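Q: My questions concern the predicted model and sequence given below.
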Amino acid sequence: MQQFNKDKFKTLVLYVIWRTGELRDFGSTKLNKVLWFSDARAFEAFGKAVTGETYIREKFGPVPQHILPTLEELHSDGLIQAWREPFFDFEISRYRAHMPPDTSVFTADELGIIDWWIKHVAEEHTAASISEASHDYAWKIARLGEVLPYQAFLTRRIRQPSGKELDWVKAEAEKLGSK
């Protein structure tokens, strides 16, 4: 299991905030999704997550275990501003970075994945739609508060065969002696 890299996670959080701080609809929900998908897709592509962060199954999707203390640390270090504001029928947590982070801790491949997810989440999703996208099969079968391993991202529900597929399965089972 990959060890959590606190400094790299802190840099990732600051980087996402730096890139999205001026976007009115980019709050904590979208931030959490960019972090999850960046780590999970890096794991899928390279066999190693960007940060090794632990993600927890929460009501609206995977949430990084260390997000709140990291945001508090970034705020107390004077690196970000945090506030809450109304957004339609909700109140969202918003962040703005005061300076860009040193991204040399990321490989070019990692930055490519991170940048893709920032752009995708920011431009193509609402908080509700990206939350729905993070509710994959593994998330649905996990209990609230349960750890979601990166491998869970690869989990897919197997559908029941029907029609010709079902006929073929039954025929093969009969050939093998299943009664």
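A: On my side now, so go ahead.
Q: Show me what the helix or strand where D39 lies is packed against.
A: With secondary structure defined by DSSP states H and E, D39 is part of helix 28-46. If contacts are counted by 3 or more C-beta pairs under 8 Å, 6 or more residues apart in numbering; DSSP states H and E, helix 28-46 sits against helix 6-20, strand 55-58, strand 61-64, helix 67-76, strand 90-97, helix 108-124, helix 127-133. The way it works is simple: take the backbone N, C-alpha and C, and place the C-beta from them, glycine included.
Q: Most tightly packed of those?
A: Neighbour counts (mean count of other C-beta atoms under 10 Å) averaged over each of those peak at strand 61-64, with a mean of 24.
Q: list the helices and strands that one packs on?
A: Applying 3+ C-beta pairs under 8 Å, 6+ apart, one finds that strand 61-64 contacts helix 28-46, strand 55-58.
Q: The residue nearest in space to the middle of the chain - nearest residue in space that isn't next to it in sequence?
A: The centre of the chain sits closest to W36, judged by C-alpha atoms, centre = their mean, with a distance of 1.8 Å. Nearest non-adjacent residue to W36, counting by C-beta to C-beta, 6 or more residues apart in numbering: P62, 4.3 Å away.
Q: Throw the helices and strands packed on helix 28-46 into a markdown table and include distance to V147 and mean pLDDT, thanks.
A: What follows is these, written out as a markdown table (distance: least, C-beta to C-beta, whole Å; pLDDT from 0 to 100):
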| stretch | distance to V147 | mean pLDDT |
| --- | --- | --- |
| helix 6-20 | 16 | 98 |
| strand 55-58 | 6 | 92 |
| strand 61-64 | 10 | 91 |
| helix 67-76 | 14 | 98 |
| strand 90-97 | 23 | 91 |
| helix 108-124 | 21 | 96 |
| helix 127-133 | 19 | 76 |
